[in-house]
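# Could you look at this predicted model? Sequence included:
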Amino acid sequence: MAAIVTTKDLTYRYSNQGKSALDHVSLTIPAGQWTAIIGHNGSGKSTFARLIDGLLAPTSGTLTVAGMPMDEAHVVDIRHRIGFVFQNPDNQFIGTTVGEDVAFGMENHQVPRDEMIERVEYSLDLVGMAQLADAQPASLSGGQKQRVAIAGALAMDPDLLILDEATSMLDPAGREQINRLLLKLQRERQITIISITHDVLETMNADSVIILSDGQVVDQGPTEKILSDPAGLERLGLQAPFTGRLKLALEKRSIQLPAETTDTQRMVEWLCQRLS
């Protein structure tokens with residue numbers, strides 16, 4: 001499978017810190033899949049996302065995005081292929097209305113007006129914000145602002161969508177709605193998604209997971225494999241999903257669940273069979 005991001009000994013050190021935020025990270029992120037990057041605060045996950053988008057320049061090592069080396073000659077082309085949604089949506093608002101804000105990036109790319117209007121309407125409808133196209137961003141709630149930020153990224157029709165804690169300000173219902181939407185887009189349009197989060201539950205729809213700790217990759221693999229090791233997650237300061245915590249509790253009572261029992265439905269079915 002083709003890679004959309006490849007790194008070799010990628011290192012980044014902030015000027016005011018002696019320790020590297022990322023320390024010799026070597027990995028490959030496949031195109032057309034959803035990869036979740038998780039880790040506690042300070043693990044380096046947001047730094048990694050900003051390096052991919054060209055917002056930061058590596059201290060050392062190599063970074064290739066969409067087949068292009070991340071350097072001055074290619075950074076603009078790379079950014080045109082990426083939609084980036086930050087944790088704080090206020091950092092992204094430019095337009096005086098919601099619709100204008102979603103259209104801003106397309107104006108810079110000289111998208112024809114008719115196509116631009118169509119994309120704005122489509123993207124806002126996807127995230128449930130079409131009725132507020134004429135609203136001022138300052139009048140929106142935090143969750144609504146995040147929806148608009150996601151719509152703005154999707155309107156650019158990116159090859160790669162990076163979400164840096166992008167659902168953190170949504171309530172559980174809103175978070176679930178956005179995650180379902182992203183899964184649908186990823187499956188139907190084969191868009192590559194990289195989601196940055198400290199919440200293990202946010203990885204459930206991902207194809208694979210990368211765990212960062214203190215700037216280094218400490219584990220990676222298919223999502224089911226990572227979530228099937230709740231003890232390992234908790235050793236890294238990450239709270240395992242409810243199913244993982246229940247699995248640990250059952251194991252303490254000498255009840256061993258199959259390794260593939262990682263979601264609630266499978267666990268319920270297995271327990272019903274076991275207890276019947």
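Cool, the structure landed.
# Where do the domain boundaries of the chain fall?
1-81+158-227, 91-157, 241-276 (automatic domain parsing).
# So what sits opposite Ile210 in the bridge?
Beta-bridge partners recorded for Ile210 (DSSP bridges): Ile37, Gln220.
# Burial check on it, number of neighbours?
Residue crowding around Ile210 was assessed by other CB atoms under 10 Å; the count is 23. From N, CA and C alone the C-beta is placed, and that goes for glycine too.
# Was I right to think it contacts Thr223?
No. Using CB atoms under 8 Å, Ile210 is not in contact with Thr223; the gap is 10.6 Å.
# shared neighbours of those two, anything?
Here Ile210 and Thr223 share the contacting residues Ala36, scored by CB atoms under 8 Å, 6 or more residues apart in numbering.
# What strand or helix carries Thr7?
Using DSSP states H and E, Thr7 maps to strand 3-12.
# Against which helices or strands is that strand packed?
Contacts defined by 3 or more CB pairs under 8 Å, 6 or more residues apart in numbering; DSSP states H and E place strand 3-12 against strand 22-30, helix 45-52, strand 60-65.
# Which parts of the stretch 51-200 of the chain are strands?
For the stretch 51-200 of the chain, the strands defined by DSSP state E, counting those that start in this stretch occupy 60-65, 68-69, 82-85, 160-164, 192-197.
# Out of the ones you listed, which is closest to Ala36?
strand 192-197 (4.9 Å; CB to CB).
# where are the low-confidence patches of the stretch 151-276 of the chain?
Scanning the stretch 151-276 of the chain for pLDDT under 70 picks out 244, 248, 259-264.
# Just list whatever residues bridge to the residue positioned nearest the centre of the chain.
In the chain, the C-alpha nearest the mean C-alpha coordinate belongs to Ser195, at 1.0 Å (CA atoms, centre = their mean). Beta-bridge partners for Ser195, by DSSP bridges, are Ala36, Leu163.
# pretty sure it is in contact with Met204, am I right?
No. Counting by CB under 8 Å, Ser195 sits too far from Met204 to count as a contact (10.7 Å).
# returning to that earlier point: what about the residue nearest to the centre of the chain, distance to Gly237?
Distance of Ser195 to Gly237, given as CB to CB, to the nearest Å: 19 Å.
# Would you mark the buried spots in stretch 9-17?
Leu10, Thr11, Tyr12, Arg13 (16 or more other CB atoms under 10 Å).
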